[in-house]
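okay, structure incoming, though there's no sequence with it:
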């Protein structure tokens, strides 16, 4: 019983001493602390601070490099997306264009003022040639359309995946935003903007997904170092 009482007394004494020393350390100025500290203590603290700073700078450097890599991949996919969409937009009325080409081929070389009996006067071999040529052109165009659709989907998937899983913070980086805005002022993007109504008319879903990617950059993004929750909100709470 006496031994237990002594242990309790010793523990209370140690706690009291630590508390007093802690209060003294808090009251002591940095100048007084570093003036009175031993060389061994200063060397130890300097080493610990150096390790912490090294880790911080290494983490920031790695994150910065990863941010550059992620944005580079995103930016490349976004550029390809615009190029492919611009190419695909030219095929929005391909059926009408092909029918016009077919008619032009059939009637090419016929004399004017042929009256209402044009179909009867057409040679069977000319009509057959024009029909085969039309079918071949239609197949080639549809194959090309399918290729551009596949390429657009690949680029869209890449952009959506990178932006949707942005761990490095490139979508919140101001320099990334400025580069995207510069691209939106480029000739490449302007050419697409002229064709976009045709693209949207036939491929509305693809156009909606494409437009959303650019809408991500319209407002000024948060800095990667900004708090996730607005300080004004946390302050109110």
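That came in fine, so what should we check first? This is a predicted model, so every value here is computed, not measured.

what pLDDT does residue 216 get?
Residue 216 is assigned a pLDDT of 94 by the prediction.

what about it, distance to residue 171?
6 Å (CB to CB, to the nearest Å). From N, CA and C alone the C-beta is placed, and that goes for glycine too.

again with residue 157
Going from residue 157 to residue 171 by CB to CB gives 16 Å.

neighbour count: those two, which is higher?
residue 171 (21 against 12; other CB atoms under 10 Å).

wait, that one sits on residue 165?
No. Look at residue 171 against residue 165 with CB atoms under 8 Å: they stay out of range, at 10.4 Å.

can you give me the helices for this protein?
Per DSSP state H, the chain carries helices over the ranges 2-27, 30-36, 39-89, 94-107, 118-121, 124-164, 174-183, 187-202, 204-215, 231-236.

so how far is residue 141 from the nearest residue to residue 68 once chain neighbours are set aside?
Nearest residue to residue 68 in three dimensions, chain neighbours excluded: residue 170, at 7.8 Å (CB to CB, 6 or more residues apart in numbering). The gap separating residue 170 from residue 141 is 38 Å, by CB to CB.

higher neighbour count, those two?
Neighbours per residue (other CB under 10 Å) separate residue 170 from residue 141, with residue 170 holding more: 24 against 15.

contacting residues for that one?
By CB atoms under 8 Å, 6 or more residues apart in numbering, the contact set of residue 170 is 67, 68, 70, 71, 74, 162, 176.

ok, now residue 184?
Applying CB under 8 Å, 6+ apart, we find residue 184 in contact with residue 214.

distance of it relative to residue 169?
For residue 184, the distance to residue 169 - CB to CB - is 21 Å.

ditto for residue 176
Taken as CB to CB, the span from residue 176 to residue 169 is 9 Å.

got it, and residue 153?
26 Å.

for these two, indicate the residue with more neighbours.
residue 169 (20 against 14).

against residue 180, how distant is the more buried one?
On the measure of CB to CB, residue 169 and residue 180 end up 15 Å apart.

what does residue 40 give?
The value you get for residue 40 to residue 180, if CB to CB is used, is 54 Å.

quick one: which of the two has more around it?
Using other CB under 10 Å as the criterion, residue 40 and residue 180 rank with residue 180 on top: 19 against 8.

so where's the protein shaky on pLDDT?
Along the chain, the parts satisfying pLDDT under 70 run over 1-37, 39, 41-43, 45-61, 97, 101-127, 129-130, 219-237.

ok, and the closest non-adjacent residue to residue 83?
Counting by CB to CB, 6+ apart, the residue nearest residue 83 is residue 188, at 6.9 Å.

wait, doesn't that neighbour sit right on residue 84?
No. Using CB under 8 Å, residue 188 makes no contact with residue 84, being 11.7 Å away.

higher neighbour count, the two?
residue 84 (23 against 13).

list the residues that contact that one.
148, 151, 152, 155.

what about the residues you listed, which one has the most neighbours?
residue 152 (24 neighbours).
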